[in-house]
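[1] Just a sequence and a predicted model for now, questions to come.
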Amino acid sequence: MNEQITKLNRRDFIKISAFTGGGLVLGFNVLSSCSPERGDGVIHDLNAFVKIDTNGMVTLMNPNPEIGQGVKTSLPMLVAEELDVDWKDVKVEQAGLDTEKYKRQVAGGSGSVRESWESFREAGATARQLLINAAAAEWSVSPNTCYTERGMVVHKATGKKIGYGQLVEKAATMEVPTDVNIKPIQSFAIIGKRIPNVDNRAIVTGQYKYGIDTKREGMRYATLVRPPAFGQTLKSFDDAEAKKQPGVEQVIRIDNKIAVLGRSTWEVMQGAKKIQAEWEDGESMESTADYQRNFKEVLSRRPTETPQRKDGDVQRAFSGGAKVFEAMYEAPFLAHNTMEPMNFFAHVRPDGAELYGPIQTPEGTRTRVAKLLDMPEGKVTVMMTRMGGGFGRRLMSDFVEEAVLVSNAAGVPVNLIWSREDDMGGGYYRPMCTYQYKAAVDTDNKLIAWQHHSVGVTGNSARAGSFPAGAVPNLQVNAHEYKSPVTTAPWRGPIHNFIAFSEQSFIDEIAHAIAKDPVAFRLEVLEQAKQHPIGKVEYDPDRFAGVIKKVAEMAGWGTSKGANVYQGIAAQYSFNSYVAQVAELVKQDDGKLKIKKIYCAVDCGIVVNKSGAENVVEGGIIDGIGHAMYPELTLTKGKPDQVNFNTYHMIQMREVPEIEIQFIESDINPTGLGEPGLPPAGPAVANAAFAATGVRLRAQPFIKSGIFA
Amino acid sequence: MATINLTVNKKKYEVDADPQMPLLWVIRDFIGLTGTKYGCGIAQCGACTVHVGDAAVRSCTIPVESVRDQQITTIEGISKDGEHPVQRAWEEIDVPQCGYCQSGQIMAAVALLKSNSKPTDEDINESMTNICRCGTYNRIKKAIKLASENG
């Protein structure tokens, strides 16, 4: 049998528990999504994704981290579709990190559905075939004469039926089929439907246990005193007052930080405030104004880096160009601000370590922790909880490593919790950056040259293939990385979250300057990419144009929307998906602008979960508007000026416009969706603001311009 | 430290805590009801919203001693198994994304509907000031209206 398994290279993911029939589910059932309705049958594993009990209840494992993007619902839908079961008979459980059973247990790059589309459906189809084979054996007929119907195997000729629950014990002992059929998309019964988030009941009743809610026998709460400014190191500290704080039990130095442990979160946070620490400044203790000035200084010089992309010759085009345009766009640092602050449970024992909590990258985290503890990876277990937001922050594992070091030093299990001030003030951030553009059109107003020169704190490289690359005969992209002690990280739609603003604003500026309609001009440039592609064209010009046309139609672009109503458009290709948005603004009697409505067209291929997809795109739009409009993270000598929501404004309900979303009907494999909704929102608003006021917004946050209500 | 008597979800508790400890942490770390969340600690985000009597309050800044002998209700106490009309509406509209802020949002919505059973959009905007980082605001508004119709 083992020989048989090793041949299944492509299906490595389902090899493990296929022969462990009869084994009861162990471990992490605390995270199960709903309770079985048919009483407890004996559960059998058909593979790493599918368990069925003898009463026919189906348990599907979700291997990927859930950060609110909806994969804990949409990924099991892929399996359930092919398994051919009724969704009401399904419950979903979160799987822990298990690299033997699963591949790519990551929440990042809007990649979960994209990467799982085929393999997860194959897992479901393989389990279904096992059940068919078991029924066929039972009836002594050929499996080819049987089919399935929502949790039952049916014999075609006689119409005999038998439920999965009655077959599962036998099926679990049978040989795993190597060649299974996947449904044609026309016969999908679950994919494409509106399936509610599987954790809804637990969430709305307050029963779901997030990482921060973890409490174990003997566990201590812990928090850390951190350097108040980036680049500082700990010189000395006095913990006498902290130790007098009731509830505080231990104070331990951990490298450049000081851990305070005790019996409750508030008491350790109080204790931390009472630590008198002396910090030493590093070499670079820059303020926001220093970054702004230094960025502009870099941009005033000729780029010295090797261009990320170079098509034709921009300099020659500029000297021969009929009209040349220039503009500069500025973005501040932004905090991720997940509503659940960073936290993690760690229990380091001499013989191993248990990690439990919110992490987008469990596999990489285990590797780093094992190295930190000088322990084999096999001794470290990682269980992921549903996360109170990710947005890229939990791709980093700094807070897990902290919990591990504290548990190791203190010799107790700990739940390490960051205060909001630690979370917002301690990095990691969306990198601050400034993008400079220069473009030219010829005498026919055709876009012939485009130059992008940018500078940003590390992590803010340009996206060389971003629109309009591929459509312009002369194009050059140069990006300069500015060294800084400020820690940065991917932030929802990395680079896209700002490059969409700069590019889509600049293209709008050009359109207005040459008196072309902004929608028509974009379509014209895309037509250039289609008819005369230059170099590599990363996007499909037809699909790109498709969402622009769709959103223009939805918004009634070019028709009168009434007095004081103004529209702006933006579109971005990201994570293989196409999103176009029209922002509709109203000019109030006092002349101030209010965002009234966002129209949004999305082409992400096949939509797996209609409800989840709409929710995450709507969230992306609100996230995009919120961060383009309101907050910025500024620094004074390396110290964040904003460390909580009283000075860092997060968008609230009263500031949120009406949103209308349409998905393009498609039979193309699904593409990313967690991030693509965000990038076009800011520039659509900025372009509408220009239409309304003639003021061109070139720096975020927009609220500082004074033109908004 | 002081011995403080609290009534949470109609159950009486006697806790030994610093009278200044915010109600949030007594509920979470001592009583063990973790549906009420920590988000900011300065009454800005509303993740910690509970009811004292019928009023929604942000428990992260309320010293526990100030709510002795009052009726405190947390998300765990508004229904037995999620059958409150607001919870049902939340499920029907499929509001949550990450879900973390939702118990606070629900508590704020329940209090709103108690004082105003047919709120307008404007009323909802005025009273729902909790932060949702995922941006489920429009679905929250829809769910409140649905609960208002079904309530």
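    Sure, I can see it.
[2] three-state assignment of the closest residue to A:S264 other than its chain neighbours?
    Among residues not flanking A:S264 along the chain, B:D29 sits closest, at 4.1 Å (C-beta to C-beta, 6 or more residues apart in numbering or on different chains). (Each C-beta comes from the backbone N, C-alpha and C, glycine too.) State at B:D29, reduced to three classes by DSSP: H, G, I helix; E, B strand; the rest coil: helix.
[3] Count the residues that sit near B:D29.
    22 (other C-beta atoms under 10 Å in any protein chain shown).
[4] what about the host helix or strand of A:V382 and chain B, any contact?
    For A:V382, the host element (DSSP states H and E) is strand A:380-384. No. Using C-beta under 8 Å from any C-beta of the partner chain, strand A:380-384 stays clear of chain B, with a minimum separation of 13.1 Å.
[5] From the chain's centroid, how far away is that strand?
    21 Å (C-alpha atoms, centre = their mean, to the nearest Å).
[6] So what are the sheet partners of that strand and their directions?
    Strand A:380-384 has its sheet partners listed here by DSSP bridges as strand A:352-357 (parallel).
[7] For the strand it pairs with, give the mean pLDDT please.
    Summarised as a single mean, pLDDT over strand A:352-357 is 98.
[8] That strand: which residues count as buried?
    Neighbour-count burial for strand A:352-357 flags A:A353, A:E354, A:L355, A:Y356, A:G357 (criterion: 16 or more other C-beta atoms under 10 Å in any protein chain shown).
[9] Name the residues that touch it?
    Strand A:352-357 is contacted by residues A:211, A:214, A:343-347, A:365-366, A:369, A:373, A:375, A:379-385, A:400, A:403-404, A:407, A:413 when judged by C-beta atoms under 8 Å, 6 or more residues apart in numbering or on different chains.
[10] And the one helix or strand A:V154 maps to, what does it pack against?
    With elements taken from DSSP H and E, the one containing A:V154 is strand A:152-155. Packed against strand A:152-155 by the contact rule (3 or more C-beta pairs under 8 Å, 6 or more residues apart in numbering or on different chains; DSSP states H and E) you find helix A:112-139, strand A:146-149, strand A:161-163, helix A:164-171.
[11] A:I254 contacts A:N408, doesn't it?
    No. Taking contacts as C-beta atoms under 8 Å, A:I254 lies outside contact range of A:N408: 9.3 Å.
[12] related to what we said a few turns ago, follow the chain on from the strand holding A:V382 and name the next helix or strand.
    Following strand A:380-384 in sequence, per DSSP H and E, is helix A:398-410.
[13] So what are the sheet partners of the helix or strand following that following helix and their directions?
    Next helix or strand after helix A:398-410 toward the C-terminus (DSSP H and E): strand A:414-417. For strand A:414-417, the paired strands and their directions (DSSP bridges) read strand A:220-225 (parallel), strand A:343-349 (antiparallel).
[14] so can I have JSON lines of the ones you listed showing mean neighbour count?
    Output for these, formatted as JSON lines (neighbours: other C-beta atoms under 10 Å in any protein chain shown):
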{"stretch": "strand A:220-225", "mean neighbour count": "26"}
{"stretch": "strand A:343-349", "mean neighbour count": "25"}
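[15] Now the terminal residues of stretch A:570-588, how far apart.
    23 Å (C-alpha to C-alpha, to the nearest Å).
[16] now check that stretch, is it near chain B?
    No. Contact check for stretch A:570-588 against chain B, using C-beta under 8 Å from any C-beta: none in range, with a minimum separation of 14.1 Å.
[17] Of all the residues in the stretch 551-700 of chain A, which one is nearest chain B?
    A:I622 (3.1 Å; C-beta to the nearest C-beta).
[18] B:Y13 against B:L23, yeah?
    No. At 11.7 Å, B:Y13 does not count as touching B:L23 under the criterion of C-beta under 8 Å.
[19] Look at these two and report which has more neighbours.
    Higher neighbour count among B:Y13 and B:L23: B:L23, with 28 against 17, using other C-beta under 10 Å.
[20] From A:Q581, how far out is the residue nearest to the more buried one when sequence neighbours are not counted?
    Leaving aside its sequence neighbours, B:L23 sits nearest to B:S59 (C-beta to C-beta, 6+ apart; 4.1 Å). Using C-beta to C-beta, to the nearest Å, one gets 38 Å for the distance from B:S59 to A:Q581.
[21] Show me which of these two is the more surrounded one.
    Between B:S59 and A:Q581, counting by other C-beta under 10 Å, A:Q581 is the more crowded of the two (36 against 29).
[22] What helices and strands are in contact with the host helix or strand of the more buried one?
    Per DSSP H and E, A:Q581 falls inside strand A:577-587. When contacts are defined as 3+ C-beta pairs under 8 Å, 6+ apart, strand A:577-587 sits against helix A:541-555, strand A:565-574, strand A:593-603, helix A:681-693.
[23] The shortest one vs helix A:541-555, what angle?
    Put plainly, it is strand A:565-574. Put simply, strand A:565-574 runs at 150 degrees to helix A:541-555, going by axes from the mean of the first three to the mean of the last three C-alpha atoms, to 10 degrees.
[24] so how far is strand A:565-574 off the chain centroid?
    22 Å.
[25] Could you list the paired strands of that strand along with their orientation?
    Partners of strand A:565-574 in its sheet, by DSSP bridges: strand A:577-587 (antiparallel).
[26] Can you report how many residues lie near the nearest residue to A:G192 once chain neighbours are set aside?
    Closest residue to A:G192 apart from its sequence neighbours, by C-beta to C-beta, 6+ apart: A:V607 at 6.1 Å. Using other C-beta under 10 Å, A:V607 has 24 neighbouring residues.
[27] if I look at A:V607, how far off is A:E665?
    To A:E665, A:V607 is 9 Å away according to C-beta to C-beta.
[28] Specify the local secondary structure of residue 81.
    If you meant another chain, say so; for now it's chain A. With three-state DSSP as the criterion, A:E81 reads helix.
[29] that's the other chain; I wanted chain B
    Going by three-state DSSP: B:D81 is coil.
[30] Check the spacing between it and A:V79 real quick.
    For B:D81 relative to A:V79 (C-beta to C-beta), the value is 28 Å.
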